[in-house]
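Colleague: Below is the structure, and that's it, no one-letter string:
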């Protein structure tokens, strides 16, 4: 099974220092939904693993989060695409569990539920904690320069981590790599 795991805020949709608190605030990054559609069409199952500390901070509740995810899935469905499942960590950073990135809990939980090994599975994120979680889970960390990506690239040593301008560039390259591997 071909799998891609994405962070949400800053990768699929615009991020905000004030958090995305409602479906109305959720705005896709140009080309991101089309990128997920292309991944789906190429046979990839797309999953999301996202810290959502706004819940732990009391900024929004589960109903709002599920409304955001419903809006995202509806927008994807219009393109014939979908996200298979969404893992999220609602923890406040001051009382974080092993599920909150940079810990690998969400990724390991997803791997266990899918009964897969994460070796080589791309985990696409825009922040240092996304890359740390991917590496800790044994997955392939990938950085996009949207959201916090440019800052992450400037502030951290990311040697060996593939870097893409955005999710669309990642999808194009990853699909091409997969097609070449199948042709060999």
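Modeller: Structure received. As the structure is a computational prediction, the values presented were derived from the model and not from experiment.
Colleague: All the strands of this structure, in order from the start?
Modeller: Using DSSP state E, the strands of the chain run over residues 2-6, 44-51, 85-89, 122-125, 140-144, 163-164.
Colleague: can you redo those strands as TSV with mean neighbour count, distance to residue 96 and mean pLDDT?
Modeller: No exception for glycine: its C-beta is placed from N, CA and C like everyone else's. Putting the strands of the chain into TSV (neighbours: other CB atoms under 10 Å; distance: least, CB to CB, whole Å; pLDDT from 0 to 100) gives the following:
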stretch	mean neighbour count	distance to residue 96	mean pLDDT
strand 2-6	23	19	97
strand 44-51	22	9	98
strand 85-89	19	8	97
strand 122-125	27	17	98
strand 140-144	24	20	98
strand 163-164	18	27	98
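Colleague: can you redo those as JSON lines with distance to residue 157?
Modeller: Listed next are these as JSON lines, based on distance: least, CB to CB, whole Å:
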{"stretch": "strand 2-6", "distance to residue 157": "22"}
{"stretch": "strand 44-51", "distance to residue 157": "22"}
{"stretch": "strand 85-89", "distance to residue 157": "25"}
{"stretch": "strand 122-125", "distance to residue 157": "16"}
{"stretch": "strand 140-144", "distance to residue 157": "12"}
{"stretch": "strand 163-164", "distance to residue 157": "12"}
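Colleague: what's the closest of these to residue 79?
Modeller: strand 44-51 (12.2 Å; CB to CB).
Colleague: Tell me the helices and strands packed up against that closest one.
Modeller: strand 2-6, helix 32-41, strand 85-89, helix 105-114, helix 167-183 (3 or more CB pairs under 8 Å, 6 or more residues apart in numbering; DSSP states H and E).
Colleague: for these, which one ends up most surrounded?
Modeller: strand 2-6 (a mean of 23; mean count of other CB atoms under 10 Å).
Colleague: any idea how far the least confident helix or strand in the chain by mean pLDDT is from the chain center?
Modeller: Of all helical and strand segments in the chain, the minimum by mean pLDDT, DSSP states H and E falls on helix 167-183, at a mean of 90. Helix 167-183 sits 17 Å away from the centroid of its parent chain (CA atoms, centre = their mean, to the nearest Å).
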